[in-house]
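Asker: Turn this into a model:
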Amino acid sequence: MASPAQQLPPGWAAEWDQTHQRYLFIETATARTQWEAPVANGAPVPAQSPSVSPPPTAPQHGKRRQYAAGQTQAYYGAADTLSAPTYGAAAPQPQPQAPAQLFTPGLAADGQFQQQQQQIQGQPPYYGNVAPPAEPEYINAPGFGQQPAMNALADQFGQMNVAQRGLRLYTTNLLTSPPEPRELHRPPPDIILPPNASVSPSPYANADPSYQRLTLNTIPTSNSLLTKSKIPLALVITPYRSVKEGDDPVPLVTDTVIARCRRCRTYINPYVQFIDGGNRWRCCMCSMSNEVPQLFDWDSVRNQPADRWARAELNHAVVEFVAPTEYMIRAPQPAVYIFLIDVSHAAIQSGMVATATRTILENLDRIPNEENRAKVAIIAFDVSLYFFSLPPGSSESSMLVVSDIDDVFLPKPTDLLVNLTESRPALEALLGRLGDMFQDNHTIGSALGPALQAGYKMMSNIGGKITVLSASLPTHGAGALKNREDPKILGTSKESGLLQAASPFYKTFAIECSRAQISVDMLLFSSGYQDVATLACLPHYTAGQTLYYPAFNAARSEDAIKFAHEFGEMLAMPIMLEAVMRVRASKNLRMSSFHGNFFVRSTDLLAMPSVPQDLSYAIEVTIEDTITAPFVVFQTAVLHTTCYGERRIRVVTTALPTTSNLSDVFASADQVAIATLLANKAVERTLTHKLEDARDALFNKLVEILQAYKASMTAAGAGANAQLAVSENLKMLPVLVLGLLKNVGIRQSAQIPPDLRAYAQALLTSLPSQLLIPYIHPTFYSLHNMAPECGTVGEHGVIMPSPLPPTSERLERHGLFLIEDGQTIFLWVGRDAVPQLIMDVFGLPSYEVLRGGKTTLPVLDNAFSQRVNAVIQKTREMRRGVYWPHLYVVKEDGEPPLRLWALSCLIQDRGDVSPSYQQFISQLRDKVNGSSY
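Answerer: The predicted structure is shown next:
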């Protein structure tokens with residue numbers, strides 16, 4: 001048989017590689033190398049003898065040769081059968097030197113796609129460390145993945161097989177390696193897909209973790225393997241993540257050509273496979289062969305043939321489609337906002353009404369209203385309902401009072417829900433004097449339930465958003481509640497009863513709202529008990545948000561600024577309306593349980609009347625049968641109406657490799673996603689069981705994971721061991737679980753008011769990972785000795801100090817420290833702080849004169865003051881979401897309640913009944929060693 005060197009097309013040479021015992025093929029013109037034998041004019045070189053051949057490829061179907069020779073091949077080998085070839089067979093297809101005709105009609109120039117492919121030839125697909133960052137990869141020891149040359153990297157990928165591929169596992173001993181807060185800012189473990197899993201070389205072919213991440217970045221092929229690892233498999237989704245400065249916008253496909261699988265309804269994405277000369281595509285979920293839509297390769301704007309490979313849905317994992325009419329049950333609805341404002345004595349006295357009306361007035365231009373379609377209504381309530389007629393074109397409004405709250409009716413058929421643009425003068429006039437109208441109102445009590453029913457009647461035929469601003473416990477009419485706060489049961493097994501809804505009205509009403517596409521946001525201001533647990537049901541089932549301002553007093557400028565900022569951001573938010581969300585996954589994967597603010601309409605269809613930005617959802621996944629595919633795909637689709645009246649579909653796709661190797665499972669675990677899931681499950685358990693059960697379940701889950709790791713991945717096996725081993729990428733999981741156990745929503749205490757606990761639980765189940773992680777693992781900075789560049793503007797904005805481990809061991813008596821959890825910022829001042837520090841930061845002569853408490857830090861005419869202010873400002877702005885944290889000055893010898901609150905954020909310290917981090921690790925070690933696996 002002739003050697004490969006004698007069968008090569010012109011321009012190629014073959015060299016025997018001693019290391020790998022096979023031929024390496026070199027293109028002489030470009031010095032490009034590859035393991036696969038090159039082809040001439042589409043005909044492959046005859047196979048080499050077994051002793052020198054690369055790993056066997058799956059049989060190629062004749063139809064596949066209709067592809068241009070330089071086009072990216074999909075991973076699967078055969079055209080009509082789903083096969084799982086060995087990984088060596090999946091390298092990029094070789095390319096001829098002469099341009100070939102692509103099947104995509106009207107490609108701008110001959111060979112354009114080959115040129116694109118040649119730029120990326122010689123390197124593995126994107127997720128295989130294309131350009132190693134300067135910093136070591138997330139779970140890897142320094143230098144891992146940074147091969148000396150690209151050829152060596154190609155060798156590594158060429159030689160991959162099931163046993164060798166994937167991430168390297170590094171074991172760490174929790175007893176000797178303290179947690180490092182910077183680890184939490186690293187990206188999740190790499191997703192190393194088989195070569196050519198994607199039809200696109202785009203770096204955006206897999207979803208950014210801020211949109212969608214999984215607890216495991218390598219999926220076990222069987223449920224028994226997943227069970228053995230004890231790591232829960234789940235998806236954490238933030239489908240409507242805000243786009244901040246520097247973020248890539250979500251690509252929009254406007255031609256309404258939407259290719260979907262006929263069987264499983266998956267949307268076309270970078271992981272499908274084109275067959276039959278490009279006329280058909282094979283679904284990456286169910287392997288169904290589908291026709292490519294006729295206009296898929298047509299540019300409807302320029303009315304000319306288009307480049308298929310430039311289509312956004314084949315290059316981007318996160319994409320939005322403009323939906324054609326068949327995706328609409330009715331015409332897209334306008335954005336409708338109804339404000340229910342509590343005008344009882346407590347609300348007026350606290351200044352809430354004046355602040356709320358001023359905020360709405362100042363933000364009228366920010367309410368999404370591009371095409372002048374937005375509608376607005378205002379209903380005030382105490383123990384009666386006050387409607388306002390706002391006739392278009394007039395600057396006068398009239399008030400209509402309804403005292404019959406047992407049978408709510410609308411006093412007028414028109415001019416209550418009005419077009420924002422047409423009735424703007426009347427609305428502005430009303431907002432300007434609403435506070436004064438009720439200034440002398442001494443009515444105590446709240447008919448919140450009837451006010452909600454009135455809002456529902458007003459908008460039920462359209463849908464939209466009801467924003468409730470309430471400053472007292474609902475006491476009259478439907479949904480009236482009693483004060484059930486009982487200090488005697490706090491800290492006991494009965495406490496979880498206070499976290500459950502006291503009245504079925506709110507859940508029943510929420511489901512009615514969900515059906516009518518109405519979402520409810522609750523902004524709660526009471527200085528006394530308000531039953532947040534019951535009222536938060538409404539946002540929970542209607543996909544809204546709950547914000548809580550305990551003891552709100554607008555006379556304190558900090559309170560007014562916080563509320564005005566957060567409420568203003570909510571008004572300006574470009575919400576999704578009339579949304580339904582469904583998650584699809586590859587064969588043998590099933591979505592089993594759902595956590596977050598929505599209503600599960602059918603087995604897997606999540607109804608969301610509106611989708612606010614930066615709300616997170618967690619979905620647990622079950623492996624039903626053995627997975628044979630080399631990689632799996634998860635796809636989240638959200639069908640919604642934009643607040644500008646356009647029906648759209650947002651599609652988020654994530655592809656992950658599969659493995660039958662337990663070490664790959666541990667090496668790919670994402671500790672941030674696991675902590676996000678555990679927070680959701682813990683809160684759910686407090687509602688169905690007890691708070692103590694939720695804490696035990698968290699601790700036991702962590703013990704199970706550590707036991708599984710010890711038994712399977714360490715030499716100690718089931719025996720006792722002086723170490724507490726876990727993989728490097730899970731090193732922060734114990735401290736995150738400890739933070740969860742110490743969080744206000746879950747921790748053991750007889751001092752936490754039920755409203756604060758219920759609000760903390762609402763945050764735990766809705767915050768995206770970027771906000772949740774600091775909430776359970778607060779950030780701790782030392783400011784008095786921060787590096788000179790900290791607080792100054794660098795290439796990526798203000799440079800922040802390095803975070804310290806959250807423990808009081810790092811506090812110094814002469815220092816200035818910042819502790820923050822995304823909701824509150826504490827500025828800790830040591831008692832021996834030098835007068836110059838106090839003068840530079842607070843403008844006061846000495847520590848003794850300084851007062852602790854809620855404050856606004858002055859910006860003084862010195863560099864240090866400006867740097868500290870810049871760090872605080874960046875802390876408030878750097879994360880997504882509407883939240884504007886209060887700033888408290890805490891003196892080391894100041895008021896005990898404030899000191900204890902700030903110190904409770906230092907989660908590695910010992911609390912009154914909770915362990916320090918070292919004690920917690922010792923408990924874990926005893927438990928892991930104490931019971932045989």
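Asker: Centroid-nearest residue for the protein?
Answerer: Residue closest to the average C-alpha location in the chain (Cα atoms, centre = their mean): Thr238, at 3.6 Å.
Asker: okay, it: pLDDT?
Answerer: According to the predicted model, the pLDDT of Thr238 comes to 92.
Asker: for the one 10 residues further on, same thing?
Answerer: At Asp248 the predicted local distance difference test score is 86.
Asker: any idea how the chain splits into domains?
Answerer: Following the TED database, one finds the domains of the chain at 4-34, 212-329+577-669, 336-482+497-574, 670-771+915-932, 778-906.
Asker: quick one, phi psi at the residue lying closest to the residue nearest to the centre of the chain once chain neighbours are set aside?
Answerer: Closest residue in space to Thr238, ignoring its immediate chain neighbours: Pro768 at 4.4 Å, by Cβ to Cβ, 6 or more residues apart in numbering. C-beta coordinates here come from the backbone N, C-alpha and C atoms, glycine included. Dihedral pair for Pro768: phi -70, psi 160, per degrees, to the nearest 10.
Asker: ok, Pro768 to Asn173 distance?
Answerer: In this view, Pro768 and Asn173 are 32 Å apart by Cβ to Cβ, to the nearest Å.
Asker: Could you do Ile649 as well?
Answerer: Distance from Ile649 to Asn173, by Cβ to Cβ: 48 Å.
Asker: Neighbour count for the two, which is higher?
Answerer: The residue with more neighbours, out of Ile649 and Asn173, is Ile649; 18 against 14, by other Cβ atoms under 10 Å.
Asker: Let me know the helix or strand that the more buried one is in.
Answerer: If you go by DSSP states H and E, Ile649 is part of strand 647-659.
Asker: Would you mind listing where the stretch 401-550 of the chain has pLDDT under the threshold?
Answerer: Applying pLDDT under 70 to the stretch 401-550 of the chain flags no residue at all.
Asker: the strands in it, which residues?
Answerer: Ranges of strands in the stretch 401-550 of the chain, per DSSP state E, counting those that start in this stretch, are 418-419, 464-470, 518-524, 546-548.
Asker: Tell me which residues are up against the first one.
Answerer: Spelled out, that is strand 418-419. With Cβ atoms under 8 Å, 6 or more residues apart in numbering as the test, strand 418-419 has contacts from Asn372, Arg373, Ala374, Lys375, Val376, Ala377, Leu390, Pro391, Pro392, Ala426, Leu427.
Asker: Surely Ser394 and Pro425 touch.
Answerer: Yes - here Ser394 reaches Pro425: they are 6.9 Å apart, a contact under Cβ atoms under 8 Å.
Asker: re the thing from before, averaging pLDDT over each of the domains of the chain, report the lowest-scoring one.
Answerer: Lowest mean pLDDT within these: domain 4-34, a mean of 71.
Asker: which among the contacts of strand 418-419 end up buried?
Answerer: Buried by 16 or more other Cβ atoms under 10 Å: Arg373, Ala374, Lys375, Val376, Ala377, Leu390, Pro391, Ala426, Leu427, out of these.
Asker: ok, of these, which one's closest to Gly445?
Answerer: In terms of Cβ to Cβ, no member of the buried ones among the contacts of strand 418-419 lies closer to Gly445 than Ala377, at 22.6 Å.
Asker: and that closest one, what element?
Answerer: Using DSSP H and E, Ala377 sits within strand 375-381.
Asker: Listing partners with orientation, what would you give for that strand?
Answerer: Note on strand 375-381: by DSSP bridges, its sheet partners are strand 336-342 (parallel), strand 385-389 (antiparallel), strand 418-419 (antiparallel).
Asker: Out of those strands, the one nearest Val243 is which?
Answerer: Ranking these by proximity to Val243 (Cβ to Cβ) places strand 336-342 first, at 22.3 Å.
Asker: and the helix or strand just after the closest one, C-alpha only, in CSV?
Answerer: Remark: after strand 336-342, the chain's next helix or strand is helix 345-350, criterion DSSP H and E. Taking Å, rounded to 0.1, in the frame of the first residue of the first chain, the C-alpha atoms of helix 345-350 are listed here in CSV:
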residue,chain,number,x,y,z
HIS,A,345,-52.1,58.3,57.9
ALA,A,346,-49.0,56.2,58.2
ALA,A,347,-48.1,56.6,54.5
ILE,A,348,-48.6,60.4,54.6
GLN,A,349,-46.6,60.9,57.8
SER,A,350,-43.6,58.8,56.6
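Asker: And the next helix or strand after helix 345-350, what does it pack against?
Answerer: Using DSSP H and E, the next helix or strand after helix 345-350 towards the C-terminus is helix 352-362. In terms of contacts (3 or more Cβ pairs under 8 Å, 6 or more residues apart in numbering; DSSP states H and E), helix 352-362 is packed against strand 336-342, helix 424-437, strand 464-470, helix 557-572.
Asker: I'd like the distance between Pro10 and Thr28.
Answerer: With distances taken as Cβ to Cβ, Pro10 is found 9 Å from Thr28.
Asker: If you could redo that for Thr875, that was the one I meant.
Answerer: 57 Å.
Asker: now Phe438
Answerer: Counting by Cβ to Cβ, the separation of Phe438 from Thr28 is 86 Å.
Asker: and what of Val672?
Answerer: Distance, Val672 to Thr28, by Cβ to Cβ: 48 Å.
Asker: Neighbour count: those two, which is higher?
Answerer: Under the neighbour definition other Cβ under 10 Å, Val672 and Thr28 were set side by side, and Val672 has more, 25 against 10.
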